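Asker: I'd like to go over a predicted model; first the sequence, then the structure.
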Amino acid sequence: MSDSKELFQVLAPDAAWERFREHLHPHVRTARVKTEEALDRVLAEDTFAPHDLPLFRRSTVDGYAVAAQDTYGASPGLPAYLEVVGEVPMGQAPQIDIGVGEAAIVHTGGMLPESADAVVMLENTQPVEGGGIEVFQPVAPGENVIQVGEDIRKGDPVLPRGHRLRPQDIGGLLALGITEVTVAVPPRVAIISTGDEVIPPEEMPGPGQVRDINSYTLSALTLRAGAIPWRLGIIPDRADALREALHKAKAEADIIVLSAGSSVSARDMSAQEISALGRPGVLVHGVSTKPGKPTILAVCDGTPVFGLPGNPVSAMVNFTRFVAPTIHLWLGKRPERVCTVEARLARNVPSVAGREDVVQVRLEEREGDLWAVPVFGKSNLIYTLIRSDGYFVIPLDSNGVAEGGVVEVYLHR
């Protein structure tokens, strides 16, 4: 078997993803769930409107249902007089109709009588003796009225397959009586943390020990990406222990994420154990990014396997770059717009051509301009991320960005 140094051949991030993607064959499992419980789930089929919405013409204001032509020319100095012939109860069809020179009281959301084609706002009227009203402002046909099907028409597409359901989507589906939807079953992501020096967070570190950060940050990122995290605990630096954990993960999870053990050293056996897990094995060992260079991308008998660096910042950056998109493939999720802002860089940031640098920044307002202040720190310092609002990327072919240059900042969520 090849040793880890032979496996470690650095690729550009896009090239690494393309090589990895060639061997991925996502399988989207589906389930029917109640719409009211489907927030943030990903639709597994297209949805269509079963009927028009709304089903009846309804008022958008409190006022009077009228024939618009009866208000033409009305003004404060010469108001139009209309006789009020009744009221439309909420939640019921009108039991009255209006004739020439007549009006009916209608409330917001109420149904209009058949012969009415507009609604005069209450504040543009004044009651007068005898049960009538004076109208001080004319209305046009359709004014203050939602027409049948104005929101959506029967048979129109509502939401596409691959769409992540937002609160407004839940409301829109229920408004159409769609009380169940078919969604993707979230993949199960096994998270393995390795290292003799790693201890549980509840313990006090001794000399040379560190608390387990990555199991929990990667679990949170997994949840945010739409998958179910499964923490397998801390695995010691022994090949047999790692092998046992990997085989357990492969048998019961859809995706495997290994934290630490991806660099090239005498004790780091991750690449060999991953390759032994199934074919084709390790596809990428080393990505030209900073942080996160010693990252492993593998596919083992159809199961995606990732070896992320042990440093927390490196692990989180490359989880976002490689693991989250893989989870989205297993969900059949459509790409979402990334939230970014443009800002001026507050100081020079050098780089090395041939390497993609991910630079954490803090955003500051200065005399009306938005500035990105670099938050420097080694990749094992989690508070580098905590103190930052987002990051920008220095591309492979750049030697850096000068102070005052405009950068696109990807905001942390």
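Answerer: That came through, no problem. Every value quoted in this text rests on a predicted model; they were computed, and no experiment measured them.

Asker: chain center to the top helix by length along the chain, what's the gap?
Answerer: In the chain, assigned by DSSP state H, the helix with the most residues is helix 239-252. With CA atoms, centre = their mean, to the nearest Å as the basis, helix 239-252 stands 32 Å off its chain's centre.

Asker: check which helices and strands it sits against.
Answerer: Helices and strands touching helix 239-252, by 3 or more CB pairs under 8 Å, 6 or more residues apart in numbering; DSSP states H and E, are strand 188-194, strand 228-235, strand 255-259, helix 270-275. Yep, even glycine has a C-beta here, placed from its N, CA and C like the rest.

Asker: excluding chain neighbours, give the residue nearest to residue 301 in space.
Answerer: Closest residue to residue 301 apart from its sequence neighbours, by CB to CB, 6 or more residues apart in numbering: residue 278 at 3.3 Å.

Asker: so the one you found sits against residue 251, correct?
Answerer: No - the criterion here is CB atoms under 8 Å, and residue 278 misses it with residue 251 at 11.3 Å.

Asker: neighbour-wise, which of those two wins?
Answerer: Counted by other CB atoms under 10 Å, residue 278 and residue 251 do not tie: residue 278 has more neighbours, with 17 against 9.

Asker: how much space between that one and residue 193?
Answerer: Here the distance between residue 278 and residue 193 works out to 22 Å (CB to CB, to the nearest Å).

Asker: okay if I get the helices and strands packed on helix 239-252 as JSON lines plus mean pLDDT, mean neighbour count and distance to residue 141?
Answerer: Below are these laid out as JSON lines (pLDDT from 0 to 100; neighbours: other CB atoms under 10 Å; distance: least, CB to CB, whole Å):
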{"stretch": "strand 188-194", "mean pLDDT": "96", "mean neighbour count": "25", "distance to residue 141": "57"}
{"stretch": "strand 228-235", "mean pLDDT": "96", "mean neighbour count": "18", "distance to residue 141": "54"}
{"stretch": "strand 255-259", "mean pLDDT": "96", "mean neighbour count": "27", "distance to residue 141": "58"}
{"stretch": "helix 270-275", "mean pLDDT": "92", "mean neighbour count": "25", "distance to residue 141": "69"}
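
Asker: who wins for proximity to residue 408 among these?
Answerer: Nearest to residue 408 among these is strand 255-259 (27.6 Å), distances taken as CB to CB.

Asker: who's in contact with the closest one?
Answerer: With CB atoms under 8 Å, 6 or more residues apart in numbering as the test, strand 255-259 has contacts from 187-194, 214-215, 218, 222, 227, 246, 249-250, 270, 274, 296, 303-310, 315, 319, 323, 326-327, 330.

Asker: helices and strands of this structure: which one bottoms out on pLDDT?
Answerer: When each helix and strand of the chain is scored by mean pLDDT, DSSP states H and E, helix 4-7 comes last, with a mean of 44.

Asker: isn't residue 67 right up against residue 100?
Answerer: Yes - assessed by CB under 8 Å, residue 67 is found in contact with residue 100 at 7.2 Å.

Asker: now stretch 201-215: buried residues?
Answerer: For stretch 201-215, the neighbour count (16 or more other CB atoms under 10 Å) marks 212-215 as buried.

Asker: how much space between residue 327 and residue 14?
Answerer: 19 Å.

Asker: so which of these two has more stuff around it?
Answerer: Neighbours around residue 327 and residue 14, counted as other CB under 10 Å, are more numerous at residue 327. The numbers are 24 against 11.

Asker: coming back round to it: between the longest helix of the chain and strand 188-194, how many degrees?
Answerer: Helix 239-252 runs at 170 degrees relative to strand 188-194, counting by axes from the mean of the first three to the mean of the last three CA atoms, to 10 degrees.

Asker: contact partners of helix 239-252?
Answerer: Taking CB under 8 Å, 6+ apart as the rule, helix 239-252 contacts 188, 190, 192, 194, 230, 232, 235, 256, 258, 261, 269-270, 272-274, 276-278, 300-301, 303, 305.

Asker: for it, list every residue counted as buried.
Answerer: For helix 239-252, the buried set under the neighbour-count rule, 16+ other CB under 10 Å, comprises 242-243, 245-246, 249-250.

Asker: those residues into a markdown table, with extra columns for distance to residue 10 and pLDDT?
Answerer: A markdown table is the format used below for the buried residues of helix 239-252 (distance: CB to CB, whole Å; pLDDT from 0 to 100):
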| residue | distance to residue 10 | pLDDT |
| --- | --- | --- |
| 242 | 23 | 95 |
| 243 | 26 | 95 |
| 245 | 27 | 97 |
| 246 | 24 | 97 |
| 249 | 26 | 98 |
| 250 | 27 | 97 |
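
Asker: helices of the stretch 1-150 of the chain, residue ranges please.
Answerer: In the stretch 1-150 of the chain, the segments counted as helices under DSSP state H, counting those that start in this stretch are 4-7, 13-21.

Asker: buried residues, the last one. List them.
Answerer: Think helix 13-21. Using 16+ other CB under 10 Å as the test for burial, helix 13-21 gives 13, 16-17, 20-21.

Asker: and for it, what's in contact with it?
Answerer: Under CB under 8 Å, 6+ apart, the answer for helix 13-21 is 11, 283-284, 287-289, 295, 297, 299, 304, 321-322, 325, 356.

Asker: quick one, which of residue 67 and residue 100 is more surrounded?
Answerer: residue 67 (20 against 10).

Asker: quick revisit: of the contacts of helix 13-21, which is the nearest to residue 125?
Answerer: Looking across those and measuring by CB to CB, the closest to residue 125 is residue 325, at 58.1 Å.

Asker: neighbours of that closest one, just the number please.
Answerer: By the other CB under 10 Å criterion, the neighbourhood of residue 325 contains 16 residues.

Asker: three-state assignment of it?
Answerer: helix (DSSP: H, G, I helix; E, B strand; the rest coil).

Asker: and it, how far from residue 318?
Answerer: Residue 325 is 11 Å from residue 318, by CB to CB.

Asker: how about residue 66?
Answerer: Look at residue 66 and residue 318: by CB to CB, they are 64 Å apart.

Asker: who has more neighbours, those two?
Answerer: residue 66 (31 against 28).

Asker: can you tell me the closest non-neighbouring residue to the more buried one?
Answerer: Nearest one to residue 66, counting by CB to CB, 6+ apart, is residue 103 at 4.8 Å.
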